[in-house]
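[1] okay, sequence plus prediction incoming.
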Amino acid sequence: MGSVRSSLRYLFADIIGDEDGDPPFLPDSLPEAAAPAVSDGIHLLMEYQGAGYAQLYVDRIRRFVRRPNVEPVLLSRIAQLLAARMAYEDLSRIAQLKLLKLDRGRGPSGHEADDVRRFHLDELIGVLPPALADSLLACFEQIGWLGRRRLTVRFSTRSRLAVRRLRMMAGLRRWRLHSVRYAEERAWVERWLHMIARALDKQPAAASAVIATAAMIEGQGDSYRQGLADWHAIIDGLAKPTFDGVLPTSDLAAAIAEARAAAMPDPRQAALKRTIAQIRARALAAAPGTNAAE
Amino acid sequence: MDTSHLAEHAGAAGSLFASIFVVATLSMRTMIPLRIFAILTNVVLIATALPMHNYPVLVLHGVLLPLNSYRLHQMLQLVRDVKQSVNSDLSMEWLKPFMTERKCGPGEVLFYKDEKADSMYYIVSGRFRLVESGIELPVGAIVGEFGMISPSNTRTQTLECVEGGLILSVSYDQVEQLYVQNPAFAFYFLRLASARLFQNIETLERRLAQQTATPAVVAKSA
């Protein structure tokens, strides 16, 4: 009977989720000083998605264990930021957090205040799998709603109906790994890790600054979109050309810090783009034999 | 002469045969025999439905017969192509009918080093570069075929599109399905993967021999 049940569970794993796994072990040779951060990350992702997702986190951390130039402090920072980014805030995460608060007991007033968040339309559609989301996104793009339309979602625990709605939203996490948003987040995380690895190879002194750029992306809606655009502008304008050998930036860490300081909540990114252009011009002018117009 | 009782007997016999074939079809473990028995079932049921003027059954199996035949043809062709590839140029072009098209823009990264591998690619057009080694891959190259059979299942290089082009991709899940459904394909696929691995080892050995020979020549001339 047990084997039949496990076969059925395997067959419907995509629908009912894979929740019964044990937490993964810490990577071999992990420095003791970094163990608490990695352990916290595993705990967070077990709660966020499940054992398989926590294992993916451990596999990603393993890439930097025993790697030259990676001190325990650096590894702990990667572990913290990676866990935070992998536990990105989508509809089901916000609902899940609200329910956790409810389960741990209400506030002193007896009722937890409602959480009202504003999402872009494509963020909400992003919880669907590509087969569904692509056609919907194409439709909304044609009528001009995409990128402009924002929707307010209220996360409330005031009534039984509202709590039930939250549970339904939190239940969407079973399909999270098949969603458009997950594919985007996965690509982003891999690019960030790739940039860290290249920094460790090409300019180890800048690795810490590259790691810290992950903190630029948080939340949802406008702030998320702005952070993401700023991050890509800094990486495409400064970090990648430096690693490719196209831009002779001698102090990439300082360049990233300067660019980050210029990042404002401005969708046109005028100040940031100007600062990046100035840094590039300075770097090209300082290096003899390079073409300043490059 | 009344022939209705003959049609009735033929119908009963046909139904009996069809039932036997249905049981046989469902008891098959692999895809090729399953398709063959499904085709036999379709033929028997069409032959039974004709004299009895049972049109719904006739239409249903009239559709299923070409479908099963096409799928069987696809499977047999796949096995033949893989077998041919093992005995000739070790190419993986036979995978093309199972792949989906994807356009790539300059700067787009198809996968990163150390990332979990989940699909393989065939370069149709454009320019693609392995970032860590700086090697540019030619049109017609297959990338990522070893990720499927390697124990760590991770990418060993980053693949970046330098000049916009077209690639075909197939997920490891799809190849695994072909592998599991078809033991002949599985056998030849294993032989092909091993042959490509041995080919890589030979290339590496040649390069190593060249590298060790060069310092020796330099030392002699010095």
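    On my side now, so go ahead. Please read all numbers here as calculations on a predicted model, not as lab measurements.

[2] residues contacting residue 179?
    With no chain named, the answer covers chain A. A:90, A:126, A:127, A:128, A:129, A:133 (C-beta atoms under 8 Å, 6 or more residues apart in numbering or on different chains). C-beta: built from backbone N, CA, C; applies to glycine.

[3] looking at chain B here, not the other one
    B:185, B:186, B:189.

[4] buried members of the contacts of residue A:179 into PyMOL, please.
    Those of those that count as buried under 16 or more other C-beta atoms under 10 Å in any protein chain shown are selected in PyMOL with:
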select buried, chain A and resi 90+126+127+128+133
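
[5] what helices or strands is the top helix by length along chain A leaning on?
    The helix that spans the most residues within chain A, counting by DSSP state H, is helix A:180-202. In terms of contacts (3 or more C-beta pairs under 8 Å, 6 or more residues apart in numbering or on different chains; DSSP states H and E), helix A:180-202 is packed against helix A:72-86, helix A:130-142, helix A:207-212, helix A:240-244, strand B:109-111.

[6] which one of these lies closest to residue B:70?
    helix A:130-142 (24.0 Å; C-beta to C-beta).

[7] wait, does the closest one contact chain B?
    No - judged by C-beta under 8 Å from any C-beta of the partner chain, helix A:130-142 and chain B are separated, with a smallest distance of 12.0 Å.

[8] so how far is that helix off the chain centroid?
    Relative to its chain's centre, helix A:130-142 lies at 23 Å (C-alpha atoms, centre = their mean, to the nearest Å).

[9] now it against helix A:180-202, angle please.
    100 degrees (axes from the mean of the first three to the mean of the last three C-alpha atoms, to 10 degrees).

[10] show me what helix A:130-142 is packed against.
    Helix A:130-142 packs on helix A:121-125, helix A:180-202, going by 3+ C-beta pairs under 8 Å, 6+ apart.

[11] go through the ones you listed and find the least confident stretch.
    Lowest mean pLDDT within the helices and strands packed on helix A:130-142: helix A:121-125, a mean of 85.

[12] roughly how far is that one from the heart of the chain?
    With C-alpha atoms, centre = their mean, you get 16 Å for helix A:121-125.

[13] check stretch A:258-273 too.
    That offset, for stretch A:258-273, works out to 20 Å (C-alpha atoms, centre = their mean).

[14] how about the residue nearest to residue A:220 when sequence neighbours are not counted, secondary structure?
    Sequence neighbours aside, residue A:89 is the residue nearest to residue A:220 in space, at 5.2 Å (criterion: C-beta to C-beta, 6 or more residues apart in numbering or on different chains). Classification of residue A:89 by DSSP: H, G, I helix; E, B strand; the rest coil places it in coil.

[15] who are the packing partners of the longest helix belonging to chain B?
    Scanning chain B for the helix with the most residues, using DSSP H, yields helix B:183-221. Here helix B:183-221 touches helix B:55-87, helix B:172-181, going by 3+ C-beta pairs under 8 Å, 6+ apart.

[16] coming back round to it: between helix A:72-86 and the longest helix of chain A, find me the angle.
    160 degrees.

[17] give the buried residues for helix A:180-202.
    For helix A:180-202, burial by neighbour count (16+ other C-beta under 10 Å) applies to A:180-182, A:185, A:188-200.

[18] what residues go with each domain of the chain?
    As the question left the chain open, I've gone with chain A. According to automatic domain parsing, chain A is divided into the following domains: A:23-87, A:107-176, A:179-287.

[19] hmm, no, I was thinking of chain B.
    Per automatic domain parsing, the structural domains of chain B span B:4-87, B:93-181.

[20] re earlier: and of the contacts of residue A:179, the nearest to residue B:34?
    Of all the contacts of residue A:179, residue B:34 sits closest to residue A:129, with 29.3 Å by C-beta to C-beta.

[21] for the stretch 151-294 of chain A, which spans come out with low pLDDT?
    For the stretch 151-294 of chain A, residues meeting the criterion pLDDT under 70 lie at A:288-294.

[22] can you pull up the most central residue in chain B?
    Centroid check for chain B by C-alpha atoms, centre = their mean gives residue B:95 as the closest residue, at 4.8 Å.

[23] actually chain A, not the one I wrote
    When C-alpha atoms, centre = their mean is applied to chain A, the residue found nearest the centroid is residue A:85 (3.0 Å).

[24] let me know the distance separating it from residue B:86.
    Per C-beta to C-beta, to the nearest Å, residue A:85 is found 44 Å from residue B:86.

[25] likewise residue B:129?
    Counting by C-beta to C-beta - residue B:129 and residue B:86 are separated by 30 Å.

[26] rewinding a little: for the residue nearest to the centre of chain A, report the pLDDT, please.
    95.

[27] who's in contact with it?
    The contact partners of residue A:85, by C-beta under 8 Å, 6+ apart, come to A:185, A:188, A:189, A:192, A:214, A:217.

[28] mind doing that once more with 6 Å?
    Under the criterion of C-beta atoms under 6 Å, 6 or more residues apart in numbering or on different chains, the contact partners of residue A:85 comprise A:189, A:214.

[29] buried stuff in the one helix or strand residue A:52 maps to?
    Residue A:52 belongs to helix A:51-62 when assigned by DSSP states H and E. The neighbour-count check on helix A:51-62 (16+ other C-beta under 10 Å) flags A:51, A:53, A:54, A:55, A:56, A:57, A:58, A:59, A:60, A:61, A:62 as buried.

[30] the last one reaches residue A:28, doesn't it?
    No - checked against C-beta atoms under 6 Å, the pair residue A:62 and residue A:28 is beyond contact range at 8.0 Å.

[31] contacts only, for residue A:38.
    Contacts of residue A:38 (C-beta under 6 Å, 6+ apart): A:26, A:61, A:79.
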